[in-house]
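[1] here's my sequence, what's the structure:
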Amino acid sequence: MASRGTVQPAHTLKRGLFHRRLAIIFGLQLLAVVIVCLMGVYNVAPIGAVLALIVIISALAWFAAWQEWSPIIRLARVVSGWDEASTDLSGWRPDQLPRRTDADVMTLANSLYGFANRIAGYNQRERNFTRDASHELRSPLTVIKMSADMLADDLSLGEFGQRSVQRIKRSTREMEALVEALLILARESDNGLTEEDFVVNDVIRHELPDVLAMLEGRPITLELEEPARFALHGSPRVFSVLCWQLIRNACQQAEGGTVVITVMPGVVTVTHRGDASAPLAANRHGFELAIAQRISERFRWPLELQTREDRRHIARIRFPESTLVPV
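    A predicted model of the protein is given here:
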């Protein structure tokens with residue numbers, strides 16, 4: 001028999017021991033109750049003593065059954081109070097169970113302990129990866145962006161060179177937004193996001209220059225309608241990444257038209273109004289919307305998608321916990 005300080009292998013324990021013990025406990029309880037009842041029938045003991053003995057026997061049987069069931073109760077409490085972000089797994093160790101635990105219960109405890117260890121290792125690797133990837137991916141993008149800005153100021157570049165530089169800058173900005181979105185989605189537990197109160201209109205206006213740079217050279221018009229202003233408590237970076245993905249998807253819907261961003265009370269709508277004279281592009285509900293949907297599910301901001309017959313593609317985000325701000 002293994003000592004208390006070591007994990008007891010399941011194959012050294014007897015299977016079905018838990019059921020046999022319960023059968024013995026309730027069998028002895030039944031026998032004792034029958035004997036006590038016969039004592040009362042034949043006047044060997046008064047009725048008050050018979051009732052008291054039945055209560056005592058039932059309490060002892062309940063206590064013995066509870067002792068047998070206690071390992072299951074302990075495992076249930078550990079699972080219900082589990083914090084995935086914690087690396088302390090001392091409460092999961094199977095060697096903390098009683099030595100005469102049933103083999104099936106010990107197998108369950110060993111499996112849960114191994115599962116918790118794998119989850120803890122996965123979370124640690126995830127934190128290490130996102131920390132390293134955040135630096136390794138952003139640094140070269142920063143270098144590319146700075147170099148493109150320097151080239152754009154070079155007067156010796158011809159028209160073709162300037163167009164190439166502008167394409168590099170647009171692609172760099174799109175890559176930055178994509179990296180930002182993927183890093184946000186990768187950080188399931190320790191996201192490191194700063195939460196604050198912010199006005200969504202101000203965040204959208206801050207993103208407009210980058211959106212206009214992305215649309216440069218394309219026959220697409222961008223409009224911002226603000227019938228209302230409202231504030232949120234959360235991460236403005238997450239909100240801006242979500243809006244960027246929806247705007248970028250709207251710009252992919254056709255070769256021309258108008259992209260309208262509308263701010264209503266607790267709602268932001270991104271609509272693409274197709275130009276009837278422009279050729280219709282493929283309905284690209286692809287990667288950008290997939291990222292936007294995952295962000296909306298993660299932060300509980302419902303996202304609704306709608307396509308109308310008048311060549312309108314509508315993406316509507318609802319913010320249940322918003323606060324109106326005076327216009």
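[2] surely residue 272 is in contact with residue 250?
    Yes: in this structure residue 272 lies within contact range of residue 250 using C-beta atoms under 8 Å: 4.1 Å. (Each C-beta comes from the backbone N, C-alpha and C, glycine too.)
[3] between these two, which contacts overlap?
    Listed as contacting both residue 272 and residue 250 by C-beta atoms under 8 Å, 6 or more residues apart in numbering are 259, 313.
[4] show me what the strand or helix carrying residue 120 packs onto, helices and strands only.
    Assessed by DSSP states H and E, residue 120 sits inside helix 103-152. Packed against helix 103-152, as judged by 3 or more C-beta pairs under 8 Å, 6 or more residues apart in numbering; DSSP states H and E, are the following elements: helix 17-41, helix 47-80, helix 159-186.
[5] most packed of those helices?
    When neighbours are counted by mean count of other C-beta atoms under 10 Å, the highest per-stretch mean among the helices and strands packed on helix 103-152 falls to helix 159-186, a mean of 16.
[6] for that one, what is the average pLDDT?
    Mean per-residue pLDDT for helix 159-186: 78.
[7] hmm, who's touching the helix or strand following that helix?
    Scanning the chain past helix 159-186 towards its C-terminal end, the next helix or strand to appear is strand 196-199 (assignment: DSSP H and E). Contacts made with strand 196-199 from outside it, assessed by C-beta under 8 Å, 6+ apart, are listed as 229-236, 239, 325.
[8] just to revisit the earlier point, just put the helices and strands packed on helix 103-152 in a markdown table and tack on distance to residue 200.
    Written out in a markdown table, the entries for the helices and strands packed on helix 103-152 read as follows (distance: least, C-beta to C-beta, whole Å):
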| stretch | distance to residue 200 |
| --- | --- |
| helix 17-41 | 57 |
| helix 47-80 | 37 |
| helix 159-186 | 17 |
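[9] who wins for proximity to residue 112 among those helices?
    Taking C-beta to C-beta, helix 47-80 is the member of the helices and strands packed on helix 103-152 nearest to residue 112, at 6.6 Å.
[10] now do the closest one: which elements does it pack against?
    Judged by 3+ C-beta pairs under 8 Å, 6+ apart, the packing partners of helix 47-80 are helix 17-41, helix 103-152.
[11] now do it against helix 17-41, angle only.
    When axes from the mean of the first three to the mean of the last three C-alpha atoms, to 10 degrees is applied, the directions of helix 47-80 and helix 17-41 differ by 160 degrees.
[12] give me the angle between helix 47-80 and helix 103-152.
    Here helix 47-80 runs at 30 degrees with respect to helix 103-152, directions being taken by the same axes, to 10 degrees.
[13] please indicate which of the contacts of strand 196-199 are buried?
    229-232, 234-236, 239 (16 or more other C-beta atoms under 10 Å).
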